[in-house]
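[1] here is a sequence together with a model predicted from it:
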Amino acid sequence: MSLPPLVEPAAELTVDEVRRYSRHLIIPDVGMDGQKRLKNAKVLCVGAGGLGSPALMYLAAAGVGTLGIVEFDEVDESNLQRQIIHSQADIGRPKAVSAKETVQGINPYVRVNIHDERLDSSNVMEIFAQYDLIVDGTDNFATRYLVNDACVLLDKPYVWGSIYRFDGQASVFWSEHGPCYRCLYPEPPPPGMVPSCAEGGVLGVLCASVGSIQVTEAIKLLTGAGDPLVGRLMIYDALEMTYRQVKVRKDPDCAVCGENPTVTELIDYEAFCGVVSEEAQAAALESTITPKQLKEWIDGDEKIEIIDVREPNEYEIVSIPGARLIPKNEFLMGSALGDLPQDKRIVLHCKTGVRSAEVLAVLKNAGFADAVHVGGGVIGWVNQIEPDKPVY
């Protein structure tokens, strides 16, 4: 469906701006009026990572007058494979500051506001209220539901994107004109069921593909051009190089935008999504050891069996000496249980401790009462025991 422009046009463009945006100005669907609307627009990017990088850069290049950046993290070397707004020289620096400098280098006519803080229920309403449009580049379910609910309560449209390995998705959620994120995904998946990009990986250039779709949708909403992805989910398969669309209908029973909403104010989104299931939390409560404890057990020739529950490609990057690889899914399916020794204590680990806690709960239920897992996983092992090994 076509929608009216989201913002009013600015009073004028300067001579330098006309020169800069000339390729937009000669497009009938943008033109002088549309470019003035972009100049007058205020767009917030949630995250300056994989999706936020191309989104911020192209929004700046397009001439969006005010850009906001919500980002509390620092640049890590592992980010540079896909987060192209940052460079080698930015490692260790705040992502928001690095992103702002890049944006201002692209377009000095853009004003950039930094929100160098973690987005949560205490600040989201105040931050979002300052902007016309939200571009969601988050990578976790808790923040996605937070963004959605805040936008519904504030009647703000937002452009959503998601990436994983070779697959991407994008849509526009605006409860006034169509469905919201909860209409598509009423409930988050069970903890541990959907791996993050940090666990499963992502093709770097996929960020550009999906991020550019997000910026295209943002420009369409701001200027009133074309038909935005309201009520439609775009699905991109980079391996097959295919795009397909799925219609998304507004759910009359939606908890936040439905006819009788049950979510009328912000909630505890970490608890709602659950980083780790209650079963895993209970299993790990008295059965978590540190990397240093594991090193002492190894040096003391304790009767232990170290099980790495990550994926084979992760195991190839770095591993704990003596660990045997059995991916998490084999435990969830039950096929790995018969292959475990009965005369040794099982020590589980993953990358950071989330997946191993989930597997620990499976083992406890299967009768391995003395099984433990390593808090901090292989990342903690490398940081504390073998700092010369690579991390990812």
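    Good, I have the coordinates.

[2] by mean pLDDT, point me to the weakest helix or strand of the chain.
    helix 197-200 (a mean of 75; mean pLDDT, DSSP states H and E).

[3] okay, now the unreliable bits of the chain?
    Applying pLDDT under 70 to the chain picks out residues 191-193, 274-275.

[4] and with 90 instead?
    1-2, 139, 187-201, 268, 270-281, 285, 339, 354, 390-392 (pLDDT under 90).

[5] count of neighbours near the closest residue to Ile326 other than its chain neighbours?
    Nearest residue to Ile326, sequence neighbours excluded (Cβ to Cβ, 6 or more residues apart in numbering): Ala336, at 4.8 Å. Just so you know, the C-beta spots here come from the backbone N, C-alpha and C atoms, and that holds for glycine as well. Residues near Ala336, counting by other Cβ atoms under 10 Å, number 20.

[6] now Lys42
    Count around Lys42 with other Cβ under 10 Å applied: 17.

[7] run through the bridge partners of it.
    Counting by DSSP bridges, Lys42 forms beta bridges with Thr66.

[8] surely it and Gln130 touch.
    Yes: using Cβ atoms under 8 Å as the test, Lys42 is close enough to Gln130 to be in contact (6.6 Å).

[9] what is in contact with those two at once?
    Gly68 (Cβ atoms under 8 Å, 6 or more residues apart in numbering).

[10] packing partners of the least confident helix or strand of the chain?
    Packing contacts for helix 197-200, counted by 3 or more Cβ pairs under 8 Å, 6 or more residues apart in numbering; DSSP states H and E, involve strand 158-164.

[11] which residues touch the helix or strand just after the strand it packs on?
    Next along the chain after strand 158-164, taking DSSP states H and E as the criterion, comes strand 167-173. Where contact means Cβ under 8 Å, 6+ apart, the residues beyond strand 167-173 that reach it are 148, 151, 157-163, 178-181, 183-184, 206, 209-210, 213-214, 217, 221, 228-230, 232-238, 248.

[12] got it, and stretch 240-258?
    Contacts of stretch 240-258 (Cβ under 8 Å, 6+ apart): 148-149, 152-153, 171, 175, 178-180, 182-184, 186, 231-237, 259-263.

[13] narrow those to those that are buried.
    148-149, 152-153, 171, 175, 178-180, 182-184, 231-234, 236, 261, 263 (16 or more other Cβ atoms under 10 Å).

[14] so which of those sit within helices?
    Asn148, Asp149, Val152, Leu153, Arg182, Cys183, Leu184 (DSSP state H).

[15] now for the residues you listed: which two are most distant?
    The distance between the two most remote of these (Cβ to Cβ) is 17.9 Å, for Leu153 and Leu184.

[16] what about the closest residue to Lys328 other than its chain neighbours, how many neighbours?
    The shortest distance from Lys328 to any residue other than its chain neighbours is 4.4 Å, reached at Val309 (Cβ to Cβ, 6+ apart). Val309 sits with 29 neighbouring residues when counted by other Cβ under 10 Å.

[17] how about the contacts made by Val309?
    Val309 is in contact with Ile326, Pro327, Lys328, Phe331, Leu348, His349, Cys350, Arg355, Ser356, Val359, counting by Cβ under 8 Å, 6+ apart.

[18] and the first one, how far is that from Pro261?
    Separation of Ile326 from Pro261 (Cβ to Cβ, to the nearest Å): 44 Å.

[19] please tell me I have it right and Val374 contacts Lys351.
    No: in this structure, Val374 is not within contact of Lys351 by Cβ under 8 Å, at 10.6 Å.

[20] what's the distance between the least confident helix or strand of the chain and the middle of its chain?
    Centroid separation for helix 197-200 versus its chain: 10 Å, with Cα atoms, centre = their mean, to the nearest Å.

[21] kindly export it (C-alpha atoms) in PDB.
    Below are the C-alpha coordinates for helix 197-200, written out as PDB (Å, rounded to 0.1, in the frame of the first residue of the first chain):
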ATOM      1  CA  CYS A 197      25.100 -14.700  14.600                       C
ATOM      2  CA  ALA A 198      27.900 -14.900  17.200                       C
ATOM      3  CA  GLU A 199      27.100 -18.700  17.500                       C
ATOM      4  CA  GLY A 200      26.100 -19.500  13.900                       C
END
